[in-house]
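*Asks:* Sequence plus the predicted model coming up.
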Amino acid sequence: MITLHDLVLCDLFTKDDDIFFDYKSIYFEGKVSALGCIYQTQANGNVIFHDRQAFDNVSEWADACIQNIAKEYVTRFSSWKRISHKQSGLTLHTLKQLYNNFATGKLPLTNQTLTTLRECLTTSLVHIAKLEMIIQKQEQYINGMVSYYERTPISKPKSLIAIEYMHNKYLLENNSV
């Protein structure tokens, strides 16, 4: 069973990354520690669970949020599919699939694998579009069409950096035979 700690170990998460989900009108957010535990939980911007230790399980965290704060007792809440990683914008389920595909070296061709790859491709295309817009603004500046352009650096999304790292590691391990 994959845990948040596994995702931290393979660099899909880093210390103090945020996870979140919406339930009815409540926005829940928590931070992930370097050990893969969820702490500093907030509900609509207010810190909750002051007297509780960190959660080491995503489902337990989501259940506690829904039961203790929303006062509902849902039995079919798919936490891995409904909770997202704030820094990458990907669901935990998608990150788990990336872990399966790259970190463990399992590459079965399934509908879920294709969905994960489409999500990664979309993240890549959005990043490429941002870079193309910067190039276009630079060209307008160079050609004298505008007198100023903002030189704001755009960094590669963390999820793409992690995918690139895991893919390169996978290639090195499997092509060194």
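*Replies:* Thanks, I have it. Residues are numbered from 1 along each chain as shown.

*Asks:* just the strands in the chain please.
*Replies:* Using DSSP state E, the strands of the chain run over 17-23, 26-32, 38-43, 46-47, 84-85.

*Asks:* buried set for the third one?
*Replies:* By neighbour count with 16 or more other C-beta atoms under 10 Å, strand 38-43 contains the buried residues 38, 39, 41, 42, 43. C-beta here means a position set from N, CA and C on the backbone, and glycine is covered the same way.

*Asks:* tell me the contacts of the first one?
*Replies:* Yep, that's residue 38 we're talking about. With contacts defined as C-beta atoms under 8 Å, 6 or more residues apart in numbering, residue 38 is in contact with 4, 19, 30, 31, 32, 54, 55, 56, 58, 61.

*Asks:* what about 6 Å?
*Replies:* Neighbour list for residue 38: 30, 32, 55, 61 [criterion: C-beta atoms under 6 Å, 6 or more residues apart in numbering].

*Asks:* Closest one to residue 174 out of the residues you listed, please.
*Replies:* Proximity of the contacts of residue 38 to residue 174, judged by C-beta to C-beta, is greatest for residue 32, which lies at 29.2 Å.

*Asks:* Bridged to that closest one, which residues?
*Replies:* Beta-bridge partners for residue 32, by DSSP bridges, are residue 17, residue 38.

*Asks:* Relative to residue 146, how far out is it?
*Replies:* Counting by C-beta to C-beta, to the nearest Å, the gap from residue 32 to residue 146 is 42 Å.

*Asks:* neighbours of residue 145, just the number please.
*Replies:* By other C-beta atoms under 10 Å, 10 other residues sit near residue 145.

*Asks:* Phi and psi next, for it.
*Replies:* Here is the backbone geometry of residue 145 (degrees, to the nearest 10): phi -80, psi -30.

*Asks:* before we move on, back to that, could the strands of the chain be laid out in JSON lines, adding distance to residue 133?
*Replies:* Below are the strands of the chain laid out as JSON lines (distance: least, C-beta to C-beta, whole Å):
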{"stretch": "strand 17-23", "distance to residue 133": "26"}
{"stretch": "strand 26-32", "distance to residue 133": "30"}
{"stretch": "strand 38-43", "distance to residue 133": "33"}
{"stretch": "strand 46-47", "distance to residue 133": "37"}
{"stretch": "strand 84-85", "distance to residue 133": "25"}
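
*Asks:* Put together a markdown table for those, with distance to residue 11 and mean pLDDT on each row.
*Replies:* Converted to a markdown table, these look like this (distance: least, C-beta to C-beta, whole Å; pLDDT from 0 to 100):
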| stretch | distance to residue 11 | mean pLDDT |
| --- | --- | --- |
| strand 17-23 | 11 | 94 |
| strand 26-32 | 13 | 96 |
| strand 38-43 | 18 | 94 |
| strand 46-47 | 28 | 94 |
| strand 84-85 | 12 | 92 |
